[in-house]
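Trainee: Have a look at this prediction, sequence included:
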Amino acid sequence: MDIESLCAENGLRLTKPRRVILQVLSSMEDHPDALELHRRVAEIDPGIALATIYRTLRLLEEKGILEKHKFGDGPARFESADHPHHDHLIDVDTGDVIEFRSDEIERLQEEIARKHGFSIVSHKLEIYVKRRQ
């Protein structure tokens, strides 16, 4: 489902600035922070303020439409919440975020939780990496 439909289902008003922000969010394939999102939005409509970006991101996160990630000590970054579960590799030199999924890692996590008498309710895996020289 697209982000605009999710907003409508959640009763959010779709103002002109929000439509532009949603257009950019719908086309993203990475995990931008608010400043990067603002840069992309400003290419379409330079009149949209950074404060509007922050308000919209906060609202979309509150409604469960976007997920906010804090990778290390960098700025908060965002991605759509309607994607299948995945984990992240974070390049500590460039800040690039690579999504991946491993059935083996998922199986091991379940096994470890079970051995300790637990069932996994939720989890996230972030692996901080450096390119080999």
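Mentor: Thanks, I have the structure now.

Trainee: Give me the mean pLDDT for the strand or helix carrying Gln109.
Mentor: Of the helices and strands defined by DSSP states H and E, Gln109 is found in helix 103-115. The predicted model gives helix 103-115 an average pLDDT of 95.

Trainee: immediately after it, which helix or strand?
Mentor: Counting by DSSP H and E, the element that comes right after helix 103-115 along the chain is strand 126-129.

Trainee: Paired strands for that next one, with orientation please.
Mentor: Take DSSP bridges as the rule and strand 126-129 pairs in its sheet with strand 87-91 (parallel).

Trainee: Only C-alpha atoms, please: export stretch 84-92 in PDB.
Mentor: What follows is stretch 84-92 as a C-alpha-only set of coordinates in PDB (Å, rounded to 0.1, in the frame of the first residue of the first chain):
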ATOM      1  CA  PRO A  84       8.700  -7.000   5.500                       C
ATOM      2  CA  HIS A  85      11.100  -7.600   8.500                       C
ATOM      3  CA  HIS A  86      14.700  -7.000   7.700                       C
ATOM      4  CA  ASP A  87      17.900  -6.000   9.500                       C
ATOM      5  CA  HIS A  88      20.500  -3.400   8.800                       C
ATOM      6  CA  LEU A  89      24.200  -3.100   8.100                       C
ATOM      7  CA  ILE A  90      25.500   0.500   8.800                       C
ATOM      8  CA  ASP A  91      28.700   1.600   7.200                       C
ATOM      9  CA  VAL A  92      30.500   3.600   9.900                       C
END
